[in-house]
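> With the input below, show me the fold.
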Amino acid sequence: MFFGLKMEKMLKINLRNLREYFNIALRNLTTRRVRSFLTALGIIIGVFLIVSLLSLSQGLKGAVMSQLNMIGKDLIFIMPGGDMMTSMMGGNKLTDEDIEIIKKTEGISGVAAIDYTSVTTRYGNIQKTILLYGANWKESLDILKNDTGWSIAQGRWPTAGKNEVVIGSIVASESFPNIKLGAELNMEGKKFLVVGILNSVGSKQDDSMIGLDMNIFKSVTGERKGAKQAMAKVKAGYSPDVVAEKMKSNLNENRKRQIGQKETDSSYTVMTSEKTASIVGNVMGLIQAVIIGFASIAIVVGGIGIMNTMYTSVRERTKEIGIMKAVGAKNKTITTIFLIESGIFGMLGGIGGTLLGIILAKGIEIYFQIHPLFYLKADVGPGLIAFSLAFSFLVGCISGYLPARTAAKLKPVDALRYE
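Predicted structure coming up:
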């Protein structure tokens, strides 16, 4: 019991001392307000970059991964070109022969070949350039409905061979506002009946497209052969990775026979849905790591600014330190006061940067909700906020440690004589 009372008394004394140390530190900061603000500014900028960019990149990653997770795990994506970026940006196409090889690959139960191009589309007095895609509804509809997450919000899917179209949610809400089922669209001098409106799939591009049967697409656009990409569904019991490798080998062997190349390994991009999700996740993770790296540099620069300010403060308050030590203040007391002061610098910078970062991130999120170039949501979680505040406080304490030790080592006599 005596030991418990003694510990309670010591705890009260320590808490009282700690409050006094905080008061001294805060008084010194408020005395030099402009310098204190400029010192914390470096930390503010670094934390601001971390919170805003990391929350936006995390939100973008979540949106992209959510779309990929909607896709069945037994799908294989096939595009012409040796890598994903080249395939998406290039103008090459899969030939009709390529598509037949994909269909005949062992383990494939169905293929959805997709071709697309921009066309001028008129509805009433409104004329817009819309991305039009063609798909063979008989062969592709099962994959589109059951494996890609596409679904009808109103109406039905078009009938193969007829001048009927299905439109994305953005086409219905923004491109041609108030368009209804049964409306007529005019494309390249031909009339098409709107029979379906799709639910949003979370992709600006997909939601802004108009779809129709592949044969009709070819007659409208003049794209007579092939397709820009294809999706193949793997039969139950087959490994998507094994089937993908076999498919790529078959395609490359055929290309080699056609043009006589010795090496054709980079002619096609053939990836499973799981591999695609993994690559996208890794790329987004790398982007986030780069963001943290650059923002951390800004915070370190801010930490150097805190260290410089603290050294200046030590010189300015040398006599004050001498008086404190002359009346009995220990080295630990002096060190604690200066560490608290530098920690407050870091914490203030962290709070300011976090608030500014959240404001910017949410502002960008609202902007893209109004002007959806693509779907973006700022993911500002408690973990990110706690990390930013803890990191900035730690940087402040580390930056103030050496100046604090310098102040603590001052001899009372020399400090009192300092001019």
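
> what about the helix or strand encompassing residue 286, distance to the chain center?
Per DSSP states H and E: residue 286 is located in helix 273-316. Relative to the centre of its chain, helix 273-316 is centred 16 Å away, using C-alpha atoms, centre = their mean, to the nearest Å.

> next SSE after that helix?
helix 318-326.

> ok so, going back, now the angle between helix 318-326 and the helix holding residue 286, please.
Compare the direction of helix 273-316 with that of helix 318-326 by axes from the mean of the first three to the mean of the last three C-alpha atoms, to 10 degrees and you get 90 degrees.

> Which strands or helices does helix 273-316 pack on?
helix 33-70, strand 75-80, helix 240-259, helix 331-370, helix 382-408 (3 or more C-beta pairs under 8 Å, 6 or more residues apart in numbering; DSSP states H and E). (Each C-beta comes from the backbone N, C-alpha and C, glycine too.)

> contact partners of stretch 389-399?
The set of residues external to stretch 389-399 that reach it, using C-beta atoms under 8 Å, 6 or more residues apart in numbering, is 43, 46-47, 50, 299-300, 302-304, 306-307, 310, 339, 342-347, 349-351, 353-354.

> Swap in 10 Å and give it another go.
Applying C-beta atoms under 10 Å, 6 or more residues apart in numbering, the set of residues contacting stretch 389-399 from outside is 39-40, 42-44, 46-47, 50-51, 292, 295-296, 299-300, 302-310, 339-354, 404.

> Restrict that stretch to CA atoms and write it as PDB.
Extracted C-alpha coordinates of stretch 389-399, given in PDB (Å, rounded to 0.1, in the frame of the first residue of the first chain):
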ATOM      1  CA  LEU A 389       0.300  12.600 -37.700                       C
ATOM      2  CA  ALA A 390       2.500  10.000 -36.100                       C
ATOM      3  CA  PHE A 391       5.100  10.300 -38.800                       C
ATOM      4  CA  SER A 392       5.200  14.100 -38.600                       C
ATOM      5  CA  PHE A 393       5.500  14.100 -34.800                       C
ATOM      6  CA  LEU A 394       8.300  11.500 -35.000                       C
ATOM      7  CA  VAL A 395      10.200  13.600 -37.600                       C
ATOM      8  CA  GLY A 396       9.800  16.700 -35.300                       C
ATOM      9  CA  CYS A 397      11.200  14.800 -32.300                       C
ATOM     10  CA  ILE A 398      14.100  13.300 -34.200                       C
ATOM     11  CA  SER A 399      14.900  16.700 -35.700                       C
END
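
> Neighbours of the spatially closest residue to residue 294 that is not a sequence neighbour, how many?
Excluding its sequence neighbours, the residue lying closest to residue 294 (C-beta to C-beta, 6 or more residues apart in numbering) is residue 49, at 6.9 Å. Residues lying near residue 49 (other C-beta atoms under 10 Å) number 22.

> mind checking the SS state of residue 237?
coil (DSSP: H, G, I helix; E, B strand; the rest coil).

> Now do the nearest residue to residue 309 once chain neighbours are set aside against residue 32, distance only.
Nearest residue to residue 309 in three dimensions, chain neighbours excluded: residue 39, at 4.4 Å (C-beta to C-beta, 6+ apart). According to C-beta to C-beta, to the nearest Å, residue 39 and residue 32 sit 9 Å apart.

> Please say which of the two ends up with more neighbours.
A side-by-side neighbour count of residue 39 and residue 32, using other C-beta under 10 Å, places residue 39 first with 27 against 15.

> Surely residue 93 touches residue 80?
Yes: with contact defined as C-beta atoms under 10 Å, residue 93 counts as touching residue 80 (6.1 Å).

> quick check, residue 130 in a strand?
Yes: the assignment for residue 130 is a strand, going by three-state DSSP.

> what pLDDT does it get?
With respect to pLDDT, residue 130 scores 90.

> can you tell me the helix or strand for the residue nearest to it when sequence neighbours are not counted?
Among residues not flanking residue 130 along the chain, residue 121 sits closest, at 4.4 Å (C-beta to C-beta, 6+ apart). Residue 121 belongs to strand 108-123 when assigned by DSSP H and E.

> buried stuff in that strand?
Within strand 108-123, the residues scored as buried using 16 or more other C-beta atoms under 10 Å are 108, 110-116, 119, 121-123.
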